[in-house]
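Asks: sequence unavailable; structure follows:
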């Protein structure tokens, strides 16, 4: 199984967020990176994107995980400049966008789709302006969530999950994650600073993840430990962003 069904290939472009001080429960404040001796740079990201495309990936290239990508705007734009035939998704809290001079937000036109998380209703009117100006913008009203208990919650899941088909997330130090809920990388899949993305996708570990998405029920005897406690398994797979691919 290749990456032809994957909708998002996401890179954590940096390891910082402008909201971390007001969101003390965010994993960015207390996670411990696996294999943190190296970090991913533009060269490695571009190389990995090319490998993904060779594996039939045709989804969105994104730059989020537990970080704010606009803290690294120049790095984002360099990746876009050096990537051929890419569709780009920006997921941001939007607080670093310029509210006085829309011309300074012109770089947003390089993204095919923008998702803005609105944590404060007072910001919505500005985000609506961005939506009207850009076009392909989704605004989500979310609260600052708490995922500290992802590994300890008293919940027994028996449902199979299709999330690994949807997104392939890679953190700032190159670790490939099971999903965003495994924020502390308890289930190790691979690291693109050590092995190529092609090698990781073709590995027995990753291939098994993809095959397991075909099962409706979770194999509790042979699955990542965090999946047994997950209360948000993906029951079905949907290409959420296909509406903007034209």
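Replies: Cool, got the structure. Fair warning: this is a prediction, and the values are worked out from it, not measured in the lab.
Asks: quick check on residue 169: phi, psi?
Replies: The phi and psi values for residue 169, taken as degrees, to the nearest 10, are phi -90, psi 140.
Asks: number of residues surrounding it?
Replies: By the criterion of other C-beta atoms under 10 Å, residue 169 has 23 neighbours. Every residue, glycine included, has its C-beta placed from N, CA and C.
Asks: show me the contacts for it.
Replies: 10, 12, 65, 176-177, 179-180 (C-beta atoms under 8 Å, 6 or more residues apart in numbering).
Asks: what about the helices in the protein?
Replies: 42-54, 73-82, 124-134, 163-166, 197-201, 204-212 (DSSP state H).
Asks: for residue 145, find the nearest of those.
Replies: helix 163-166 (16.5 Å; C-beta to C-beta).
Asks: what's in contact with the closest one?
Replies: Applying C-beta under 8 Å, 6+ apart, the set of residues contacting helix 163-166 from outside is 5-8, 178-179, 209-210, 212-213, 233-234, 237, 240.
Asks: could you list the low-confidence segments of this structure?
Replies: Residue ranges of the chain with pLDDT under 70: 237-246.
Asks: and which of the contacts of residue 169 is nearest residue 219?
Replies: Nearest to residue 219, judged by C-beta to C-beta, of those is residue 179 at 16.8 Å.
Asks: is it true that residue 144 touches residue 28?
Replies: No - counting by C-beta atoms under 8 Å, residue 144 stays clear of residue 28, with 11.6 Å between them.
Asks: rewinding a little: okay, the helices of the chain in JSON lines with distance to residue 109 and mean neighbour count next?
Replies: As requested, the helices of the chain are exported to JSON lines (distance: least, C-beta to C-beta, whole Å; neighbours: other C-beta atoms under 10 Å):
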{"stretch": "helix 42-54", "distance to residue 109": "20", "mean neighbour count": "18"}
{"stretch": "helix 73-82", "distance to residue 109": "11", "mean neighbour count": "15"}
{"stretch": "helix 124-134", "distance to residue 109": "7", "mean neighbour count": "14"}
{"stretch": "helix 163-166", "distance to residue 109": "26", "mean neighbour count": "20"}
{"stretch": "helix 197-201", "distance to residue 109": "28", "mean neighbour count": "20"}
{"stretch": "helix 204-212", "distance to residue 109": "34", "mean neighbour count": "15"}
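Asks: quick one, which of those is nearest to residue 189?
Replies: Ranking the helices of the chain by proximity to residue 189 (C-beta to C-beta) places helix 204-212 first, at 5.5 Å.
Asks: between residue 144 and residue 28, who's got more neighbours?
Replies: residue 28 (17 against 12).
Asks: residues contacting the closest residue to the more buried one other than its chain neighbours?
Replies: Of all residues not flanking residue 28 in the chain, residue 66 sits nearest, at 4.4 Å (C-beta to C-beta, 6 or more residues apart in numbering). Shown in contact with residue 66 (C-beta under 8 Å, 6+ apart): 12, 17, 26-28, 31, 171, 180, 183.
Asks: what does residue 130 give?
Replies: 94, 97, 105, 108, 114, 116, 137.
Asks: hmm, back to that, biggest separation within the contacts of helix 163-166, which pair?
Replies: It's 212 and 240 that sit farthest apart of the contacts of helix 163-166, by C-beta to C-beta, at 21.0 Å.
Asks: would you turn the contacts of residue 130 into JSON lines with neighbour count and distance to residue 21?
Replies: Below are the contacts of residue 130 laid out as JSON lines (neighbours: other C-beta atoms under 10 Å; distance: C-beta to C-beta, whole Å):
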{"residue": "94", "neighbour count": "24", "distance to residue 21": "17"}
{"residue": "97", "neighbour count": "20", "distance to residue 21": "20"}
{"residue": "105", "neighbour count": "17", "distance to residue 21": "25"}
{"residue": "108", "neighbour count": "18", "distance to residue 21": "26"}
{"residue": "114", "neighbour count": "24", "distance to residue 21": "25"}
{"residue": "116", "neighbour count": "22", "distance to residue 21": "20"}
{"residue": "137", "neighbour count": "21", "distance to residue 21": "27"}
